[in-house]
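**Student:** Pasted the sequence and its predicted model underneath.
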Amino acid sequence: MRTSHVSRIATRYQRLVLYGLDLVLWSRLLSSRRGPIPLELPHSLLKIKTIHCDPPALFVADVNSDLSHWEEGFRAVYSNVFLNLQTPDVISEIRYAHPAPSFKGVYLWDSAFTAQVWKHWDSEVAYDVNRAVINLRDGDRLQHVVSSFSQSAYTQPPVMAWSCMELLDWQSHLTKTEFRENIYQPLKDYHHWLYNHRQHENGLFFWAHPYESGIDNSPRFSTRDESKFADTTHLASPDLCSYIVLQNESLAKMAEYIGQQDAVHEHLQKASQLSERMNEFLWDETDKFYYDLNLKSGEFVRSQTIAGLLPMWAGVPDQSQAEALRQLVLNPECFNTRIPLPTVSREDPDFAKDMWRGPVWINTAYAVILAMERYGYREEVAELSYRLCEGVYRTFQNLRRFYEFYDPERFDLEELNRKKGNRFKHLTLGSKPVKEFVGWTGLINPLVIEQLIGLKSDHGQLLLSPNFPAIMRGKGFSLRLPERKLCIYVEVLINGDYQCQIYDQDGLFNCDLKSGESYDFQNRRIISDE
């Protein structure tokens, strides 16, 4: 099946038929009969996909209320991400990830985010998920999607370099030579491809099609039902420019890791130049926001979407600009909804609970939280992370499923739509968010581990810096990371300080931390931010 041309054609045809039957027929007939995703994964099942350790586990101690939905949701994320992991087949020679059973392909930015979910469970799987995308590139272009029966002519948000750099920050089983040849060089070539094929003369970047942005029916680009699309090639887009800045930063770190100092300077210089142009052309001083710029008319596309917050992720705004964006993030009429960070500001006239026109998508929300962390907004990071996780875990408790996107105001799907009026999409994917979607919904688990419990890594050096909001005081959290042979217990004291116990291969250690302090695992000492 892997070597015979005839067999490959037959296999792809068979998979196409099965895909159509599952998507259009069986998913409709059997969805009400399907049981919940199993929370326990026996070792015999893990070995089928060559996984040799248990997934991370979370336990919450709270005498005043029940937070069992956090424990259950945390486990269910890893069950879902495991079931969506695919073994080598006619698509890929190495393991790869489906975002959901309905999306039977290898997707660029979905995989980059999925790898972040895997990195705390099995680092080799995390690298495989990303390398599958890199290996399936078309020339130098990373493809939007590759499936059994189709390939895309587009790319997708270029976050793969960021994702691979994040994996490297935690650990790498690859040698420097393997990393240079299999990760850095293909991503550097892709970076040059973007500069050659997606850059305007003024140095800013554009999407070739709204689908390339991943933000399909956003009011920036499209009508709600996608009956009309804007010509995005005439726009300069803040999200793509932000991703390119971030990609330059990530490639610079990779180049430093493999000892290519000339490339470090080149990438950092490009990041600085693009940041300057974004502030010159895409920042609106009146609204204090980043917008798409129509280069034909010279006017902004005044759609207040989450794309205008993403420059913070790449460190583009100065401190005063970042403060203005922070105010929008914290404004309940804009992005500070019950489940925070909707894809369109609540006060925007085009806000609707439909796909990218208002619901919360965990990947872009996650990016904004990383952006807030970058600018030192520690309290805001704790509050946003908690409410985002609470929203997803609570919705899972109510519906027993994970979904593609979430209602910013409710813990259910009642008011959500999926491209309302688009009959073809309703036939193939339904009128509600896709089920069992953990391609980036699973990012809530890294939020718990890295932002709330505060386990950080800087080129393999582990730090513990808990950061919980006031509502979580009096509660205790136990985190088990089998691959690292590490257990952490954090108790949030009433005064906001933390009592911590750390059990690793060297034994049991206790430490008391104040807000903003970190515990250095390697040197067994407390570090103050001051």
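**Tutor:** Happy to help now that I have it. Numbering: from 1, shown residues only.

**Student:** what does the strand or helix carrying Asn363 rub up against?
**Tutor:** Assigning secondary structure by DSSP states H and E places Asn363 in helix 362-374. Residues from elsewhere that reach helix 362-374, judged by Cβ atoms under 8 Å, 6 or more residues apart in numbering: 109, 113, 306, 309-310, 312-313, 315, 326, 329, 335, 340-341, 343, 380-381, 384-385, 388, 392, 405-406, 440-444, 446-447, 451. C-betas here are computed from N, CA, C, even on glycine.

**Student:** List the buried residues in it.
**Tutor:** By 16 or more other Cβ atoms under 10 Å, the buried positions in helix 362-374 come out as 362-373.

**Student:** for stretch 475-494, same thing?
**Tutor:** For stretch 475-494, the neighbour count (16+ other Cβ under 10 Å) marks 475-484, 486-492 as buried.

**Student:** Contact partners for the closest residue to Met165 other than its chain neighbours?
**Tutor:** Closest residue to Met165 apart from its sequence neighbours, by Cβ to Cβ, 6 or more residues apart in numbering: Ser250 at 4.0 Å. Residues in contact with Ser250 (Cβ under 8 Å, 6+ apart) are 161-162, 164-165.

**Student:** so of the residues you listed, which ones are in helices?
**Tutor:** Judged by DSSP state H, helices contain the following of the contacts of Ser250: 161-162, 164-165.

**Student:** Determine the three-state secondary structure at Gly73.
**Tutor:** helix (DSSP: H, G, I helix; E, B strand; the rest coil).

**Student:** Identify the residue spatially nearest to it, adjacent ones excluded.
**Tutor:** Nearest to Gly73 is Tyr393, by Cβ to Cβ, 6+ apart, at 3.5 Å.

**Student:** The one you found touches Trp70, doesn't it?
**Tutor:** Yes - counting by Cβ atoms under 8 Å, Tyr393 does reach Trp70; the two are 5.3 Å apart.

**Student:** just to revisit the earlier point, grab the two from the ones in helices among the contacts of Ser250 that are most spread out in space.
**Tutor:** Greatest spatial distance in these: Trp162 and Cys164, 7.5 Å, computed using Cβ to Cβ.

**Student:** higher neighbour count, the two?
**Tutor:** Of the pair Trp162 and Cys164, Cys164 is the one with more neighbours under other Cβ atoms under 10 Å, namely 28 against 25.

**Student:** which ones are touching the more buried one?
**Tutor:** Residues in contact with Cys164 (Cβ under 8 Å, 6+ apart) are 115, 127, 130, 183, 187, 250, 254.

**Student:** what's near enough to touch the first one?
**Tutor:** Contact analysis of Ala115 by Cβ under 8 Å, 6+ apart lists 97, 126-127, 129-130, 163-164, 166-167.

**Student:** what's the farthest-apart pair in the residues you listed?
**Tutor:** Farthest pair in those, by Cβ to Cβ: Ala97 and Glu166, 15.6 Å.

**Student:** Neighbour count for the two, which is higher?
**Tutor:** A direct count of neighbours by other Cβ under 10 Å for Ala97 and Glu166 places Ala97 higher, at 29 against 21.

**Student:** Pull the number of nearby residues for Phe509.
**Tutor:** 13.

**Student:** which residue packs closest to it, ignoring adjacent ones?
**Tutor:** Once flanking residues are discounted, Phe509 sits nearest to Ile502: 4.7 Å by Cβ to Cβ, 6+ apart.

**Student:** so what pLDDT did the one you found get?
**Tutor:** With respect to pLDDT, Ile502 scores 95.

**Student:** That one touches Leu513, doesn't it?
**Tutor:** No - taking Cβ under 8 Å as the definition, Ile502 is not a contact partner of Leu513, at 11.1 Å.

**Student:** joint contacts of those two?
**Tutor:** With Cβ under 8 Å, 6+ apart as the test, Ile502 and Leu513 both reach 464, 519.

**Student:** quick one: Glu276 and Tyr154, what's the gap?
**Tutor:** 28 Å (Cβ to Cβ, to the nearest Å).

**Student:** Looking at these two now, which is surrounded by more residues?
**Tutor:** Using other Cβ under 10 Å, the more surrounded residue of Glu276 and Tyr154 is Tyr154, with 16 against 12.

**Student:** Am I right that that one sits in a strand?
**Tutor:** No - read with three-state DSSP, Tyr154 is coil and lies in no strand.

**Student:** what helices or strands is the helix or strand where Phe424 lies leaning on?
**Tutor:** Here Phe424, judged by DSSP H and E, is contained in helix 423-429. Using 3 or more Cβ pairs under 8 Å, 6 or more residues apart in numbering; DSSP states H and E, no helix or strand is in contact with helix 423-429.

**Student:** Tell me which residues of the very next helix or strand once past that helix come out buried.
**Tutor:** As assigned by DSSP H and E, the chain's next helix or strand after helix 423-429 is helix 444-446. Buried residues in helix 444-446, counted by 16+ other Cβ under 10 Å: 444-446.

**Student:** Pick the one among those closest to Asp54.
**Tutor:** Asp54 lies nearest to Asn445 out of the buried residues of helix 444-446, by Cβ to Cβ, at 14.2 Å.

**Student:** The closest one is in contact with Phe74, isn't it?
**Tutor:** Yes - here Asn445 reaches Phe74: they are 5.9 Å apart, a contact under Cβ under 8 Å.

**Student:** Sweet, I'm off.
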